[in-house]
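**Student:** Take a look and give me a structure for this.
(one chain, ligands or ions: 2)
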Amino acid sequence: MKVEKVMVIGAGQMGSGIAQVCAQAGYQVVLHDLKQDFVDRGLGIINKNLSRNVDKGRLTEEQKQVILGQLTTSTDLKNAGDVDLVIEAAVENMEIKTKLFAELDKIAPAHAILASNTSSLPITEIAAATTRPEKVIGMHFMNPVPVMKLVEIIRGLATADEVYQVIEDMTKSLGKVPVEVNDFPGFVSNRILMPMINEAIYTLYEGVATKEAIDEVMKLGMNHPMGPLTLADFIGLDTCLYIMETLQEGFGDDKYRPCPLLRKYVKAGWLGRKTGRGFYTYE
Ligand SMILES: CC(=O)CC(=O)SCCNC(=O)CCNC(=O)[C@H](O)C(C)(C)COP(=O)(O)OP(=O)(O)OC[C@H]1O[C@@H](n2cnc3c(N)ncnc32)[C@H](O)[C@@H]1OP(=O)(O)O
Ligand SMILES: NC(=O)C1=CN([C@@H]2O[C@H](COP(=O)(O)OP(=O)(O)OC[C@H]3O[C@@H](n4cnc5c(N)ncnc54)[C@H](O)[C@@H]3O)[C@@H](O)[C@H]2O)C=CC1
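**Tutor:** Ligands and ions are numbered 1, 2, ... in the order given. The predicted model follows:
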């Protein structure tokens, strides 16, 4: 099977990045969200990223226009009726994802692959909401998508080998490096990364050091490009909390309990960069 047309669901920070790299690689892309405002915000991010590449001489204005021409927008899921692949990047919530996958199963052509960019939720459970579990797979991009090389590819219990192969080939065609992992809570990336971020939040909560000191230790001491609290703000504190809850519930182990301070910030609506305030404040 050849992938030509892709629908990306969710025009947030991940969905807009995924749509951008797909369009840059020559795929036809439909960027879908609940409201036109949200889709427009996503398109705005893509436009800004492409303009930066034009300014830096990596793209011509004509190439930018060709890439933008590969993109169409949608607020009606029925537009999935003629796509070969859906990449879902809506919020990290099982109820929302299973509802979307059940609807997509009815709308998308029989040959279409349904992929999720979930950062921690079980692919097998998402697949069970459809009548095509062999065509459901995890395609976990990293943030910021245009920059980060990795895509974790997660096989659900029923994922077919041919489907895995199509997704692996497509990932390479985006200039990314696929890494195969099995379906366990948090996969590999967030099984390791998120407990570190959660521990950094506990370190702040317990008054071991200031937020700046915690970040500086990890940046200068461990050569991390961002300190863990800056990274949490960058990922989104809501997403961090959902991932910790998935790890705690999925493994039934309280060593993954989310820090109460993380919960408090999410309840306050301080979700990090995307809301202008998290551990730090942003313009
Ligand atoms: C939660 C999950 O499920 C999984 C995840 O994604 S976890 C998060 C994984 N990501 C990380 O860990 C990111 C850690 N941070 C970094 O690697 C770096 O800080 C960074 C790449 C984000 C920025 O790098 P930096 O050197 O500090 O800043 P800067 O010089 O401004 O940017 C480097 C390049 O990235 C680009 N860039 C930075 N942010 C970007 C964004 N949001 N979108 C697109 N491009 C971006 C810049 O344009 C710049 O490009 P060029 O060098 O080609 O001009
Ligand atoms: N933020 C990160 O660093 C990473 C996030 N992810 C995963 O990607 C997904 C999206 O995360 P972000 O882009 O950060 O979130 P975000 O909050 O920036 O964007 C989510 C978008 O999905 C839309 N949406 C919500 N419900 C929808 C529905 N039913 N139909 C269509 N659109 C819907 C929202 O309107 C919003 O625009 C989550 O599953 C997250 O776990 C994966 C890798 C990294």
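
**Student:** make it CA atoms for all contacts and neighbour counts henceforth
**Tutor:** Noted.

**Student:** Stretch 53-70: which residues count as buried?
**Tutor:** 54, 64, 67-68, 70 (16 or more other Cα atoms under 10 Å).

**Student:** what distance separates stretch 153-161 from the centre of its chain?
**Tutor:** Its chain's C-alpha centre and that of stretch 153-161 lie 18 Å apart, by Cα atoms, centre = their mean, to the nearest Å.

**Student:** And the helix ranked longest in the chain, what does it pack against?
**Tutor:** The residue-count maximum for a helix in the chain (DSSP state H) belongs to helix 36-55. Packing partners of helix 36-55 (3 or more Cα pairs under 8 Å, 6 or more residues apart in numbering; DSSP states H and E): helix 13-24, helix 61-69, strand 71-74.

**Student:** hang on, the earlier thing: CSV for the buried residues of stretch 53-70, including distance to Ile153 and pLDDT?
**Tutor:** Shown next, in CSV, are those (distance: Cα to Cα, whole Å; pLDDT from 0 to 100):
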residue, distance to Ile153, pLDDT
Val54, 31, 97
Lys64, 29, 97
Ile67, 25, 98
Leu68, 27, 98
Gln70, 25, 98
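
**Student:** Tell me the one of those residues nearest Glu199?
**Tutor:** For the buried residues of stretch 53-70, the residue nearest Glu199 by Cα to Cα is Val54; the value is 40.3 Å.

**Student:** who are the neighbours in contact with Val266?
**Tutor:** When contacts are counted by Cα atoms under 8 Å, 6 or more residues apart in numbering, Val266 touches 237-238, 241.

**Student:** Lys274 now?
**Tutor:** Residues near Lys274 by Cα under 8 Å, 6+ apart: 234, 236.

**Student:** what do you get if the cut-off is 10 Å, keeping everything else the same?
**Tutor:** By Cα atoms under 10 Å, 6 or more residues apart in numbering, the contact list for Lys274 reads 12-13, 233-237, 282.

**Student:** Over to Arg257?
**Tutor:** Arg257 is in contact with 195, 198-199, 241, 244-249, counting by Cα under 10 Å, 6+ apart.

**Student:** Could you verify my assumption that Val151 touches Phe187?
**Tutor:** No: judged on Cα atoms under 10 Å, Val151 makes no contact with Phe187 at a distance of 11.7 Å.

**Student:** Grab the nearest non-local neighbour of Asp253.
**Tutor:** Once flanking residues are discounted, Asp253 sits nearest to Leu247: 7.9 Å by Cα to Cα, 6 or more residues apart in numbering.

**Student:** Any of the contacts of Arg257 buried? List them.
**Tutor:** Applying 16+ other Cα under 10 Å to the contacts of Arg257, the neighbour count classes 195, 198-199, 241, 244-248 as buried.

**Student:** which ones among the residues you listed are found in helices?
**Tutor:** Judged by DSSP H, the subset of the buried ones among the contacts of Arg257 located in helices is 195, 198-199, 241, 244-248.

**Student:** ok, of those, which one's closest to Asp82?
**Tutor:** The closest of those to Asp82 turns out to be Thr246 (Cα to Cα; 33.1 Å).

**Student:** Let's have the buried ones among the contacts of Arg257 in a markdown table, adding distance to ligand 2 and pLDDT.
**Tutor:** Output for those, formatted as a markdown table (distance: Cα to the nearest ligand atom, whole Å; pLDDT from 0 to 100):
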| residue | distance to ligand 2 | pLDDT |
| --- | --- | --- |
| Pro195 | 15 | 98 |
| Asn198 | 15 | 98 |
| Glu199 | 18 | 98 |
| Leu241 | 10 | 98 |
| Met244 | 11 | 98 |
| Glu245 | 12 | 97 |
| Thr246 | 11 | 96 |
| Leu247 | 13 | 97 |
| Gln248 | 16 | 98 |
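
**Student:** Residue in the stretch 101-250 of the chain with the shortest distance to ligand 1?
**Tutor:** Nearest residue of the stretch 101-250 of the chain to ligand 1: Met142, at 3.4 Å (Cα to the nearest ligand atom).
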